[in-house]
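> Provided below are the primary sequence and the corresponding predicted coordinates.
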Amino acid sequence: MNTKILMSLSALLMVILGGLATFLPQEILDYFDSHPDGLVLLIVQIMGALYMGFAILNWMARSSIVGGIYNRPIALGNFLHFTMVALVLLRALMVEQRIEIIVAAVVYSAFTIWFGLATFTNPIKGKKS
């Protein structure tokens, strides 16, 4: 499986989310009708920094073989991240059906499946030596 597209798209998603959370935390929280104090803003900005770190990790690893035993920590880290967020979003859908949650749940579920395939299958299978 060629994971360059997967790693590039996940890096793009994470740099967008990370940039928004880092530089526009107040606007994001206002959009979702939250009335944050200073600590909540700080947590959102820290989350944005985490996303930016994951984005650069994925971007730098995009040309490497990812999956199976190759770059396993990167593949597992991404799989865990996308799985946990997808589960949280799917649980949130049971409480409230907002279009933002639905779209995010679909995107994160798709990345969960894609990273699951990359993580637990042999990336070199099918290549002739």
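Here it is on my side, so go on.

> Only the buried residues of the lowest-mean-pLDDT helix or strand in the chain, if you could.
Within the chain, no helix or strand scores below helix 25-31, which has a mean of 93 by mean pLDDT, DSSP states H and E. If you call a residue buried by 16 or more other Cβ atoms under 10 Å, then helix 25-31 has these buried ones: P25, I28, L29. Backbone N, C-alpha and C define where each C-beta goes, glycine included.

> Tell me the one among these nearest to L13.
Set against L13, the nearest of the buried residues of helix 25-31 by Cβ to Cβ is I28 (15.5 Å).

> now the helices for the protein?
4-23, 25-31, 38-60, 72-95, 99-120 (DSSP state H).

> Put the alpha carbons of stretch 40-49 into PDB.
Output of stretch 40-49 as PDB, limited to C-alpha atoms (Å, rounded to 0.1, in the frame of the first residue of the first chain):
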ATOM      1  CA  VAL A  40     -10.000  26.400  28.400                       C
ATOM      2  CA  LEU A  41      -8.300  28.700  25.900                       C
ATOM      3  CA  LEU A  42      -4.900  27.400  27.000                       C
ATOM      4  CA  ILE A  43      -6.000  23.800  26.700                       C
ATOM      5  CA  VAL A  44      -7.300  24.400  23.100                       C
ATOM      6  CA  GLN A  45      -4.000  26.100  22.200                       C
ATOM      7  CA  ILE A  46      -2.100  23.200  23.700                       C
ATOM      8  CA  MET A  47      -4.200  20.800  21.700                       C
ATOM      9  CA  GLY A  48      -3.400  22.800  18.600                       C
ATOM     10  CA  ALA A  49       0.300  22.500  19.300                       C
END
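
> mean confidence score for it?
For stretch 40-49, mean pLDDT is 96.

> Excluding its own residues, what touches it? List them.
Outside stretch 40-49, the residues that touch it by Cβ atoms under 8 Å, 6 or more residues apart in numbering are 17-23, 25-26, 28-29, 34, 36.

> how far away is the residue nearest the centre of the chain from V88?
Closest residue to the average C-alpha location of the chain: F82 at 5.1 Å, with Cα atoms, centre = their mean. Distance of F82 to V88, given as Cβ to Cβ, to the nearest Å: 11 Å.
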